[in-house]
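>>> Build the 3D model from these lines:
(one chain, ligands or ions: 1)
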Amino acid sequence: MADIKRIGVITSGGDCGGLNAVIKGVAREAWALGIESVVIPNGYAGLYNLIDLEQVVVLNAERVSRIEASVAGSEAGHSRVKISKIKDEKKYERIKDGLKKFGIDALIISGGDDTGSVVVDLSSRGIPCIHVPKTMDLDLQPYSVGGDSAINRISIFTRDIKTTGMSHNRVIVMEVFGRYVGHTALRGGIGAEADCILLPEIPVDFDVVYEHMKSVFFSRVLRSDVKAGTYIIVAAEGIKTASGDLLYDESAGVDAFGHKKLSGAGKYVRNQLEKRMKTDPAVTEFMKKTGMWAPGVYEIPEVREVTPGHLVRSGASSAFDVNFGHRAGAAAVLLLLEGKTGNTVVDVDGNKIIYINTAEAIKRREVDISEIALFESLGTCFGRKTEKFKYELVEQKGPISRHL
Ligand code: F6P
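Next comes the predicted model:
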């Protein structure tokens, strides 16, 4: 057992659901083992500046009870700072001095791929660290806290937007966070029965989207006794054209980790649909048949992009994330005590604490597109020509391990 008396807790990267449960899981497990845990505020920026703090917040029973696990975001605060990029030759010494000042022997750090790369960096410099996977993007190898909460919120927003979409017979394009992968768009979109889901993993053919929109939306409105309907597209912010170019607005700039800020995919999709509608006689015919046609004023159905942005990772955490957060936080303490620095918690399965080397954990996980044809057979468009679902049968051998 490693001799650890005080653990520093850091949350880093973008905030999301379930993080407060991670903090509580760490604090309560540590407390139960007679170890103190403290907050290092505001991510790696706070770690770098720890030396300048006068005091740190101790996560004792009273302080922890004031943290509500079901509230999203992090009581410990966040920043997007990569230690190796800080322009200070003495940054690692400064960090070590800060840790020494407060008697912090080890760190538990919750974050995504960039955060994890710093865990690898700090561990290699002799600072004991355990990584708890966190990102709403779900692009790490293990499950990451925040993913389920974001999916639920995307589903709710997408479902809710249908009422206004239907009232105005609009096509709605919901652009959602998820960075370079489409997990949240896919699961959130399916959760809300979106008509079309666009993912970075599938280059978008806008002719296919347009034809699907026409057939689904037009017939939906025409079938309705009050001539009302909507067509919902969930577009991941990182979608690409057939030539592999990202469809984002370059002017948004880069974040502190150096990543392009992705935004503008929804607007691009809207433009593509509007462009086609304006020259399509079938659209004029549809407008006339449905009684919507008003020459010079209302000649094509409206297409609107909606960007919930940070709302998808705000508000409340899902119960699943609170469950995962508690057990992953507690497991991180046990891994630290077992000297497993530089590792990431995967999960707790019964009495097994599963972990993986952090360098492996942060390798990007994309959507497995072999599943997409199944949803296509159910009628969802993915911006490509539909494919036949090629399946194989696999008989489960042995017990099935699962939490729900
Ligand atoms: O990585 C999580 C994430 O929510 C991405 O999906 C999104 O692109 C990004 O963070 C937004 O970052 P910020 O909060 O820095 O604007």
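>>> In terms of helix, strand or coil, where does residue 353 fall?
Using DSSP: H, G, I helix; E, B strand; the rest coil, the three-state assignment for residue 353 comes out as strand.
>>> and it, what are its bridge partners?
Listed by DSSP bridges, the beta-bridge partners for residue 353 are residue 348.
>>> Burial check on it, number of neighbours?
By the criterion of other Cβ atoms under 10 Å, residue 353 has 19 neighbours. Where you see a C-beta, it was placed from the backbone N, CA and C, and this is true even at glycine.
>>> cool, and the one 5 residues further on?
Look at residue 358: counted by other Cβ under 10 Å, it has 27 neighbours.
>>> Over to residue 35?
The burial count for residue 35: 19, using other Cβ under 10 Å.
>>> Find the nearest non-adjacent residue to the residue nearest in space to the middle of the chain, please.
Centroid-nearest residue in the chain, with Cα atoms, centre = their mean: residue 136, separated by 2.0 Å. Closest residue to residue 136 apart from its sequence neighbours, by Cβ to Cβ, 6 or more residues apart in numbering: residue 150 at 3.7 Å.
>>> Residue 84 in helix, strand or coil?
helix.
>>> what's the pLDDT at it?
At residue 84, the predicted lDDT confidence score is 93.
>>> got a list of what it touches?
For residue 84, the contacting residues are 118, 121, by Cβ atoms under 8 Å, 6 or more residues apart in numbering.
>>> Next, give phi and psi for residue 129.
The phi/psi pair for residue 129 (degrees, to the nearest 10) reads phi -140, psi 140.
>>> Near the ligand, which residues of this protein are found?
Within the chain, the positions near the ligand by Cβ under 6 Å from any ligand atom are 14, 80, 112, 135-137, 177-179, 237, 255, 262, 313.
>>> Please indicate which of the residues you listed are buried?
The neighbour count (16 or more other Cβ atoms under 10 Å) marks 14, 80, 112, 135, 136, 137, 177, 178, 179, 237, 262, 313 as buried among the residues of the chain next to the ligand.
>>> now the residue nearest to residue 391 when sequence neighbours are not counted, what's its secondary structure?
Excluding its sequence neighbours, the residue lying closest to residue 391 (Cβ to Cβ, 6+ apart) is residue 374, at 7.7 Å. Following three-state DSSP, the label given to residue 374 is helix.
>>> Help me confirm that residue 374 comes into contact with residue 390.
No - assessed by Cβ atoms under 8 Å, residue 374 is found out of contact with residue 390, at 9.9 Å.
>>> Give me the more crowded residue out of those two.
Taking neighbours as other Cβ under 10 Å, residue 374 and residue 390 compare with residue 374 leading, 12 against 8.
>>> Could you check the pLDDT of the more buried one?
In this prediction residue 374 is given a pLDDT of 98.
>>> Pull up the gap between it and residue 327, please.
As defined by Cβ to Cβ, to the nearest Å, residue 374 lies at a distance of 31 Å from residue 327.
>>> Now do residue 191: how many residues are near it, please.
17.
>>> cool, and the one 10 residues further on?
Residue 201 is flanked by 21 other residues according to other Cβ under 10 Å.
>>> residues contacting it?
Counting by Cβ under 8 Å, 6+ apart, residue 201 touches 181, 182, 366, 367, 369.
>>> Switch these over to TSV; also include secondary structure, neighbour count and pLDDT.
Output for the contacts of residue 201, formatted as TSV (DSSP: H, G, I helix; E, B strand; the rest coil; neighbours: other Cβ atoms under 10 Å; pLDDT from 0 to 100):
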residue	secondary structure	neighbour count	pLDDT
181	coil	21	97
182	coil	32	98
366	coil	13	98
367	coil	23	98
369	helix	15	97
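>>> Which of those sits closest to the ligand?
For the contacts of residue 201, the residue nearest the ligand by Cβ to the nearest ligand atom is residue 181; the value is 9.1 Å.
>>> can you give me the strands in the chain?
In the chain, the strands defined using DSSP state E lie at 6-11, 36-39, 57-58, 106-111, 129-133, 171-176, 196-198, 231-236, 303-306, 343-349, 352-357.
>>> Mind giving me the packing neighbours of the fourth one?
Judged by 3 or more Cβ pairs under 8 Å, 6 or more residues apart in numbering; DSSP states H and E, the packing partners of strand 106-111 are strand 6-11, helix 19-32, helix 113-124, strand 129-133, helix 319-337.
>>> Quick check: which of these is buried the most?
strand 129-133 (a mean of 31; mean count of other Cβ atoms under 10 Å).
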